[in-house]
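[1] Below is the sequence, then the predicted model.
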Amino acid sequence: MELAAIITNEPCSESLMNSISWRKSLNCDGAYGWALLLVLAVLLLLAAGGAPWLLALRFERVAVHSGQWWRLLSAHFVHLGARHLLLDGAALVLLWALFARALGPKSWVLVVLGSIVAIDAGLWWLAPQLQWYVGISGLLHGVWAVGAVASAWRREFTGWLLMIALAGKLAWEQSAGASLVVAAFPVVVDAHLYGALGALLALAVMAMLPRRL
């Protein structure tokens with residue numbers, strides 16, 4: 001399957017000056033809008049559980065080693081607090097508005113799974129000193145990477161700008177060891193790198209698979 005068969009023909013985002021509705025211009029119309037609301041509702045529901053849910057669902061090395069495998073998935077959807085959730089939620093809405101239509105739903109699911117697997121594997125084997133981790137930001141960097149590639153594939157100038165911005169951000173984080181966005185709470189910057197690489201790898205694998213798959 002070629003990359004062109006995965007990336008949709010629709011622009012990643014539409015201009016608000018277009019004749020279409022503002023909801024479609026932000027990829028919040030119809031099923032897209034309900035899907036976004038569902039994701040945000042899940043994040044809010046998990047946050048409502050407070051510290052007990054956070055402790056039960058976060059990536060925790062000792063707990064995973066003892067067989068609590070669900071943490072490898074659930075850790076990506078719980079947050080340290082309201083500020084952490086607000087920042088990640090705002091980033092999610094922005095990336096949704098930019099890229100929700102870049103791929104089909106099934107392809108996006110595989111991209112997210114690729115990010116999750118890469119983050120979990122990277123943190124487990126390459127960061128043995130890390131004892132716990134939470135947050136959706138790693139997955140969002142995967143969405144950013146694939147969305148920017150899709151936009152650049154259509155020869156949209158914004159796609160190239162977003163690719164350069166992401167590469168610069170990741171390079172800064174790897175060299176400086178701190179996030180460019182926030183310093184108010186600990187940020188596992190390696191998760192951003194692994195999330196982006198995992199998503200791009202998932203996209204590449206899908207592009208190499210036979211069309212019938």
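    Received, thanks. Numbering: from 1, shown residues only.

[2] in stretch 107-127, what counts as buried?
    For stretch 107-127, the neighbour count (16 or more other Cβ atoms under 10 Å) marks 107-108, 110-116, 118-120, 122-123 as buried. Using the backbone N, CA and C atoms, a C-beta is placed for each residue, glycine as well.

[3] Where does pLDDT dip in the protein?
    Scanning the chain for pLDDT under 70 picks out the ranges 1-2, 9-20, 22, 180-184, 211-213.

[4] quick one, helices of it?
    According to DSSP state H, the chain carries its helices in the segments 3-6, 22-25, 30-48, 50-57, 61-65, 71-74, 82-99, 105-121, 137-153, 157-176, 189-208.

[5] ranking those helices by burial, who's on top?
    Ranked by mean neighbour count under mean count of other Cβ atoms under 10 Å, these are led by helix 137-153, which reaches a mean of 25.

[6] who's in contact with residue 80?
    Residue 80 sits next to 54, 134-135, 185 when contact means Cβ atoms under 8 Å, 6 or more residues apart in numbering.

[7] which of the residues you listed sit farthest apart?
    Pairwise distances across the contacts of residue 80 (Cβ to Cβ) peak at 12.8 Å, for the pair 54 and 185.

[8] wait, residue 131 sits on residue 62?
    Yes: if you go by Cβ atoms under 8 Å, residue 131 and residue 62 touch, sitting 7.3 Å apart.

[9] if I look at residue 153, how far off is residue 51?
    Distance of residue 153 to residue 51, computed by Cβ to Cβ, to the nearest Å: 43 Å.

[10] Residue 162 and residue 148: what is the separation?
    Residue 162 is 4 Å from residue 148, by Cβ to Cβ.

[11] And residue 155, by the same measure?
    Distance, residue 155 to residue 148, by Cβ to Cβ: 13 Å.

[12] end-to-end on stretch 120-133?
    Using Cα to Cα, to the nearest Å, one end of stretch 120-133 lies 10 Å from the other.

[13] Now the terminal residues of stretch 56-63, how far apart.
    Per Cα to Cα, the first residue of stretch 56-63 is 9 Å away from its last.

[14] same question, stretch 4-21
    Stretch 4-21 stretches 27 Å from its first residue to its last (Cα to Cα).

[15] What of stretch 54-64?
    Stretch 54-64: ends 14 Å apart by Cα to Cα.
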